[in-house]
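Colleague: need a structure here:
(2 chains)
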2 protein chains.
Amino acid sequence: MSGFSRRRLIGTAGAVGAAGLGVGAAGGAIARATTAEEAPTALTTVGANTVAFHGEHQAGITTPPQAHGHLIAFDLAPGAGRKEATALLRRWSGLAAELMAGRPVAADDTGVALDAGPSSLTVTFGFGRTFFDRTDLVARRPPGLDPLPAFSADRLDTRRSNGDLWVQIGADDGLVAFHALRAVQRAAGATARVRWQMTGFNRSPGATERPMTTRNLMGQVDGTNNPKPSDPDFDQRIFVPPSDAGTGTGTDGGTGTGTDAGTGGGGGDFEWLVGGSYAVVRRIRMLLDDWEGLRLAEQERIIGRRKSDGGPLTGGGETEKLALDRIGADGKPVIPANAHARISAPEQNGGAAMLRRPFSYHDGIGADGVPDAGLLFICWQADPLRGFVPVQRKLDRGDALSPFVRHESSGLFAVPGGAAKGEYVGQRLLEP
Amino acid sequence: MSGFSRRRLIGTAGAVGAAGLGVGAAGGAIARATTAEEAPTALTTVGANTVAFHGEHQAGITTPPQAHGHLIAFDLAPGAGRKEATALLRRWSGLAAELMAGRPVAADDTGVALDAGPSSLTVTFGFGRTFFDRTDLVARRPPGLDPLPAFSADRLDTRRSNGDLWVQIGADDGLVAFHALRAVQRAAGATARVRWQMTGFNRSPGATERPMTTRNLMGQVDGTNNPKPSDPDFDQRIFVPPSDAGTGTGTDGGTGTGTDAGTGGGGGDFEWLVGGSYAVVRRIRMLLDDWEGLRLAEQERIIGRRKSDGGPLTGGGETEKLALDRIGADGKPVIPANAHARISAPEQNGGAAMLRRPFSYHDGIGADGVPDAGLLFICWQADPLRGFVPVQRKLDRGDALSPFVRHESSGLFAVPGGAAKGEYVGQRLLEP
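Modeller: From the prediction side, this is the model:
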């Protein structure tokens, strides 16, 4: 299949991409195909953009959110253990590297991505808590994978939650994303079975001038308070640092359940997770009929920010700090005590930081007759007990937004660091 | 809400779009926002592109396929009749004109499209057969709306088929498309209830150099044989001409069921449909696990074209004519007798012509454990009995592709011509 025009299309993009990820320091920039004479006239950077597979961290974390996303969780098949899982991660890594570089793949490829460039495709792999039982690697399961606490607003469907393995796919073209999804699924072969799969979307490149934040299906600007890769403590908050990994991530987080995470003795060996991160995945349904029935001013009081531009109700633009103690003419805080922005503000949560990188989802009309739509919330952090958990605990108690959302599924995955050249993702766990 | 930055974003695009549709003659070109100083730096033509609402034909027929699509069918609510339907079509037309031009909409707008330009949004309205019963307009129901014949391969879900009213939404941004969907649904108010809703996608602008055709989820180039707006008989084949409309569309098509379509006497008054078209909508599930299990050569024999570039197996590029009588070394036709491309070729179907303008769909894993994915097939023609029906009859009998697809729902809608300024879509039917 070497005659496929796709090979021509991507030009030298693969070589450019191989220059390294380095995303953390570079502010989320992605490599671009720069050899103009290789690019056909009508193929813009939308198609030609590549994200490097190899690097310190996996792609798809600090990569700018793509227009299309798929999340897919697998369980190892009966009879499959560490040996089969190792072979699978090796296959998947090889596949992801080829697809992300836009290189031709196997002769039995479906062809769905032909004609298109890689379109900023990323494929990201993670391990769920149960993976370590199935592969006899419990001693190396980090405490950060301890089950999330239950929240009162949870309405979780366990069949669509967690899983042994998790793959996040993103691309700026819907067919490229679908192609990767099918390729990942087919490469699972007899080793792993699909547990659940979800599809989401974000703004298309070029549809808006707003570079960093998007809107969700409630119409709210989303992602304003995200830590920036240029923040001095960004890497430390988002990626697992050597010291934490060595001593057991999260053991200082006050969980009280850390004893079952290590070897039972002096803590486990979690060095394999250095440079990795934890992904918390929540399918958050939005009760849009109820929400849209509110007046604009009511919606803005619930959020604490203006809908028009995301700026705080206390004034200023989107990135202006919330004036949380400002009192209005009515003697009440301008940003109400239960406003979503107040409760989730980092300064109200001991500096808890997570990198939110969601997709919206819309699966038509649900069985209950109202839209099955909302947010595939994905957040990244070096330690869930210092990221998602404390913030969600506070939101669960007093967020004015709670009546309008419903957490319908939940996943927690340890996402290893990026693979070096010649390495596959997870190798340091599976073949130390 | 006039302070929304979206107003600024779209600049003078509305005025440009209002210059007129004229899509048929212009080869599907769409108006572009040309005032550079009005456009913010990062907003490319993806966001700024507008399609005109007013014109001879409705938008969304010859408009280049957008990256995101929604199809939604409504039934009139109990108690709602012609008066309520008239008010609804008036509301919908006003809404569509504003949204497509990127102008601010009602104060209770959801805000989901804020920050983005109109992104080539189109909103297209059609009437199903049952609409005419509900509004006491049976005398004006054209014979082209006679029920489609049953096909042996049909596995139709009637709850997801047909409907009194049909709306097609397309845009190059997923949030803009979703925003329009919700706005259309909310504007239905108590007059109409959602019957079914489906979501699809196509390539993103800039992801590929291939301008006219896309690929479907089987990896096949799709749309090669589509009539071109530059064809001399394009308008006549796709849009209902005055003579046909006056005498009763389709009465010469050999249906045998034409008698219940008119007034029972000398045919009805179908002048209202001049400049309109018929949309046949089929949800065609692809049995991807089976299809992907075939080798490339087998897939290509089933289609009759190369997967790589869509060219015929008898040689030449995508637009090369099929050499249907070419015999191979094995003494058999190079393009097999049951190849999909042979059976659906216009020259094998008395020149039957339809304009195919589909979206792919992917709704995850179906209840049966295999992908709920395939094609939201939409084809446009002046007369279904000279477009979709004869071709589908032939395919139903002998298409080698049949074992790999399943028609799961079906709709047939009469889509009126475009509204003139000051008019609403369907006015010539509802208030002649």
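Colleague: Make sure A:Ala183 is indeed in a helix.
Modeller: Yes - under DSSP: H, G, I helix; E, B strand; the rest coil, A:Ala183 falls within a helix.
Colleague: Run through the residues that contact it.
Modeller: A:95, A:99, A:105, A:109-110 (Cβ atoms under 8 Å, 6 or more residues apart in numbering or on different chains). Where C-beta positions appear, they are placed from N, C-alpha and C, glycine not excepted.
Colleague: again with A:Gly60
Modeller: By Cβ under 8 Å, 6+ apart, the neighbours of A:Gly60 are A:51, A:122-124, A:168, A:170.
Colleague: can we see that at 10 Å?
Modeller: A:23, A:51, A:66, A:69, A:96, A:100, A:120-125, A:167-170, A:279, A:357, A:378, A:380, A:415 (Cβ atoms under 10 Å, 6 or more residues apart in numbering or on different chains).
Colleague: Please, which helix or strand holds it?
Modeller: Using DSSP states H and E, A:Gly60 sits in no helix or strand.
Colleague: helix, strand or coil for whichever residue of the stretch 151-300 of chain A sits closest to chain B?
Modeller: Going by Cβ to the nearest Cβ, chain B is nearest to A:Gly219 of the stretch 151-300 of chain A, at 3.0 Å. Classification of A:Gly219 using three-state DSSP returns coil.
Colleague: Count the neighbours of the closest residue in space to it that isn't next to it in sequence for me.
Modeller: Nearest non-adjacent residue to A:Gly219, counting by Cβ to Cβ, 6 or more residues apart in numbering or on different chains: B:Gly111, 3.0 Å away. B:Gly111 has 22 neighbours, counted by other Cβ atoms under 10 Å in any protein chain shown.
Colleague: Give me the distance between B:Gly111 and A:Asp222.
Modeller: Separation of B:Gly111 from A:Asp222 (Cβ to Cβ, to the nearest Å) stands at 12 Å.
Colleague: same deal with A:Ser204?
Modeller: From A:Ser204 to A:Asp222 the distance is 16 Å (Cβ to Cβ).
Colleague: Those two: who's more crowded?
Modeller: Shown here are A:Ser204 and A:Asp222; by other Cβ under 10 Å, A:Ser204 has more neighbours (32 against 20).
Colleague: Give the helix, strand or coil label for the residue nearest in space to the middle of chain A.
Modeller: Chain A has A:Ile378 as the residue nearest its centroid, 4.2 Å off, counting by Cα atoms, centre = their mean. Following three-state DSSP, A:Ile378 is assigned to strand.
Colleague: for it, which residues make a bridge with it?
Modeller: A:Ile378 has the following beta-bridge partners by DSSP bridges: A:Val281.
Colleague: show me the contacts for it.
Modeller: Taking Cβ under 10 Å, 6+ apart, one finds A:60-61, A:65, A:69, A:71, A:124, A:168, A:200, A:279-282, A:354-359, A:411, A:413 in contact with A:Ile378.
Colleague: again, only this time at 8 Å
Modeller: A:71, A:168, A:279-281, A:356-359.
Colleague: same question, A:Gly328
Modeller: A:Gly328 neighbours (Cβ under 8 Å, 6+ apart): A:Val334.
Colleague: one more time with 10 Å
Modeller: A:313-314, A:334-336.
Colleague: Which parts of the stretch 301-432 of chain A are strands?
Modeller: Chain-ordered strands for the stretch 301-432 of chain A, with DSSP state E, counting those that start in this stretch as the definition, fall at A:355-356, A:359-365, A:371-381, A:405-415.
Colleague: What distance do you get for A:Arg295 to A:Pro336?
Modeller: Applying Cβ to Cβ to A:Arg295 and A:Pro336 gives a distance of 15 Å.
Colleague: Between these two, tell me which one has more neighbours.
Modeller: Shown here are A:Arg295 and A:Pro336; by other Cβ under 10 Å, A:Pro336 has more neighbours (18 against 10).
Colleague: so what's the more buried one scoring on pLDDT?
Modeller: Note on A:Pro336: pLDDT of 97.
Colleague: That one contacts A:Ile327, doesn't it?
Modeller: No - using Cβ atoms under 10 Å, A:Pro336 makes no contact with A:Ile327, being 11.5 Å away.
Colleague: so where's the stretch 251-400 of chain A uncertain?
Modeller: A:251-268 (pLDDT under 70).
Colleague: Nearest approach to B:Arg140 belongs to which of the strands of the stretch 301-432 of chain A?
Modeller: Comparing these by their distance to B:Arg140 (Cβ to Cβ), the top pick is strand A:359-365, with 31.0 Å.
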